[in-house]
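Participant: Quick one, structure for this:
(one chain, ligands or ions: 1)
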Amino acid sequence: MRVPKGHPFYVQDVRYAARAKDGGRGEFINPIMLLISCLDKHLRPKAVLIAKQLNSSVDSTRSLKDLYNRSLPKEQPQFALVLDEQGLALQQLGKKTPGPIRVDFEGGSVAHRRKFGGGSGQMIAKAVGVKLSRPLSVLDCTAGLGKDAFVLASLGCDMTLLERTPIVATLLQNGLERALGSGDYDLQAICQRMNLVPQDSLAYLQARVAEGNKMDVVYLDPMFPERTKSAQIKKDMLAFHSIVGADEDADNLLPLAREVARYRVVVKRPRKAPFLNDSQPSYQLEGKTSRYDIYVNGKLP
Ligand SMILES: C[S@@+](CC[C@H](N)C(=O)[O-])C[C@H]1O[C@@H](n2cnc3c(N)ncnc32)[C@H](O)[C@@H]1O
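Facilitator: Residues are numbered from 1 along each chain as shown. As a prediction, the model looks like this:
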């Protein structure tokens, strides 16, 4: 579906998302039409900047209410990035679509987990080998909305976050900016340990291998392609899944990750999923719905 030139909705055809099974050459196979909505004139310059980054345009006439829960006429965008005083949110348009997705490190489930969730006793912390007394450098090759990276950063890890889907990287960047601008010093300190690089991990890992530049731990949590039943995907995350697609090239990341990791590679998988790249891990940690496959390169200090 294409938006005709001069369409009043100021939309461009933004092709990002899943790469074909082509080893990550970066072909765009999920055509996504996106508009950037911003009603607040003080936020408009920022919205324009975001639109520029995403090769889209700003619509400053319709509220979030106007944008969803309506039948979509033909040739309308399916997604909007809405910028308001609460930050940037991804909204799927159309009737009965779920509410907006935003990166919120100050509130919501992530903040709750930081305050009340089991600290270094959490399974992800055990999988990575977190010890509060010695911070690890961790390369998160599949940052997504930054939840796992935030947990690890809140436990002292120095995180580098790689995200290749521009819409997702933009949401994450906005969440980090808001947290850094909040009055919460602990939160600021955590987010200062999260360095976002909006890039494909494959090229990034290749460059590190060539330079012999290691990180303590490499973390991988690619989308799992065979999540067919929508019941397996939380309804509120459907828009995220439509934008990102299935990370069908994820197998390629593991061999490079194993070269870059000084101590270990940690792969998060759905509990019943096959091993990434068919590679048997050194050991596993299993939870109710997901598991961590750990590939050990060396003993943690
Ligand atoms: C399942 S999500 C990760 C969720 C994340 N662990 C969290 O806690 O929010 C997978 C993400 O990895 C990204 N991704 C997959 N392959 C990538 C690659 N080769 N380079 C960079 N990002 C990648 C996808 O765009 C998607 O946003």
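Participant: Could you give the residue of the stretch 1-150 of the chain that lies closest to the ligand?
Facilitator: Gly144 (2.7 Å; CB to the nearest ligand atom). Yep, even glycine has a C-beta here, placed from its N, CA and C like the rest.
Participant: out of everything not next to it in sequence, what's closest to that residue?
Facilitator: Closest residue to Gly144 in three dimensions, ignoring its sequence neighbours and counting by CB to CB, 6 or more residues apart in numbering: Val168, at 6.3 Å.
Participant: is it true that that neighbour touches His241?
Facilitator: No: with contact taken as CB atoms under 8 Å, Val168 and His241 are classed as non-touching, separated by 11.1 Å.
Participant: Which one's more surrounded, these two?
Facilitator: Taking other CB atoms under 10 Å, Val168 and His241 do not tie; Val168 has more neighbours (23 against 16).
Participant: And that one, its phi and psi?
Facilitator: Note on Val168: its backbone torsions stand at phi -70, psi -40 [degrees, to the nearest 10].
Participant: re the thing from before, OK, contacts around the residue nearest to Gly144?
Facilitator: Ala143, Gly144, Leu145, Phe240, Ile243, Val244 (CB atoms under 8 Å, 6 or more residues apart in numbering).
Participant: Confirm that the residue of the stretch 1-150 of the chain closest to the ligand sits in a helix.
Facilitator: No: checked against DSSP: H, G, I helix; E, B strand; the rest coil, Gly144 lies outside a helix; its state is coil.
Participant: That one contacts Asp221, doesn't it?
Facilitator: Yes: with contact defined as CB under 8 Å, Gly144 and Asp221 form a contacting pair (7.0 Å).
Participant: Arg208 should be in a helix, yeah?
Facilitator: Yes: the assignment for Arg208 is a helix, going by three-state DSSP.
Participant: Let me know the pLDDT of the closest residue to it other than its chain neighbours.
Facilitator: Leaving aside its chain neighbours, Arg208 sits nearest to Val260 (4.9 Å; criterion: CB to CB, 6+ apart). Looking at Val260, its pLDDT stands at 98.
Participant: Settle this for me: Val260 is touching Ala207, isn't it.
Facilitator: No: under the criterion of CB under 8 Å, Val260 makes no contact with Ala207, lying 9.8 Å away.
Participant: Quickly list what's touching both of the two.
Facilitator: Asn213.
Participant: related to what we said a few turns ago, with respect to Gln78, which of the contacts of Val168 is nearest?
Facilitator: Closest approach between the contacts of Val168 and Gln78, by CB to CB: Ile243, at 9.5 Å.
Participant: in a strand, that's where the closest one is, yeah?
Facilitator: No: counting by three-state DSSP, Ile243 falls outside a strand, being helix.
Participant: where's the residue most central in space within the chain relative to Ser282, distance?
Facilitator: Taking CA atoms, centre = their mean as the criterion, Gly144 is the residue nearest the geometric centre of the chain, at 1.0 Å. Counting by CB to CB, to the nearest Å, the separation of Gly144 from Ser282 is 25 Å.
Participant: okay, and for the stretch 51-200 of the chain, where does confidence drop off?
Facilitator: Applying pLDDT under 70 to the stretch 51-200 of the chain flags the ranges 64-65, 67-77.
Participant: could you pull out the helices for it?
Facilitator: 64-67, 108-116, 123-128, 147-154, 166-180, 185-192 (DSSP state H, counting those that start in this stretch).
Participant: Out of those, which is the most enclosed?
Facilitator: helix 147-154 (a mean of 24; mean count of other CB atoms under 10 Å).
Participant: Give the other helices and strands that that helix contacts.
Facilitator: The contact analysis (3 or more CB pairs under 8 Å, 6 or more residues apart in numbering; DSSP states H and E) places helix 147-154 against helix 108-116, helix 123-128, strand 137-140, strand 158-162, helix 185-192, strand 194-197, strand 215-220.
Participant: Try it again at 7 Å.
Facilitator: Judged by 3 or more CB pairs under 7 Å, 6 or more residues apart in numbering; DSSP states H and E, helix 147-154 is in contact with helix 108-116, helix 123-128, strand 137-140, strand 158-162, helix 185-192, strand 194-197.
Participant: In JSON lines: these, plus distance to the ligand.
Facilitator: Formatted as JSON lines, the helices and strands packed on helix 147-154 follow (distance: least, CB to the nearest ligand atom, whole Å):
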{"stretch": "helix 108-116", "distance to the ligand": "9"}
{"stretch": "helix 123-128", "distance to the ligand": "9"}
{"stretch": "strand 137-140", "distance to the ligand": "7"}
{"stretch": "strand 158-162", "distance to the ligand": "5"}
{"stretch": "helix 185-192", "distance to the ligand": "14"}
{"stretch": "strand 194-197", "distance to the ligand": "9"}
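Participant: Make a markdown table from these and add distance to Tyr292 to it.
Facilitator: What follows is those, written out as a markdown table (distance: least, CB to CB, whole Å):
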| stretch | distance to Tyr292 |
| --- | --- |
| helix 108-116 | 17 |
| helix 123-128 | 4 |
| strand 137-140 | 13 |
| strand 158-162 | 17 |
| helix 185-192 | 22 |
| strand 194-197 | 20 |
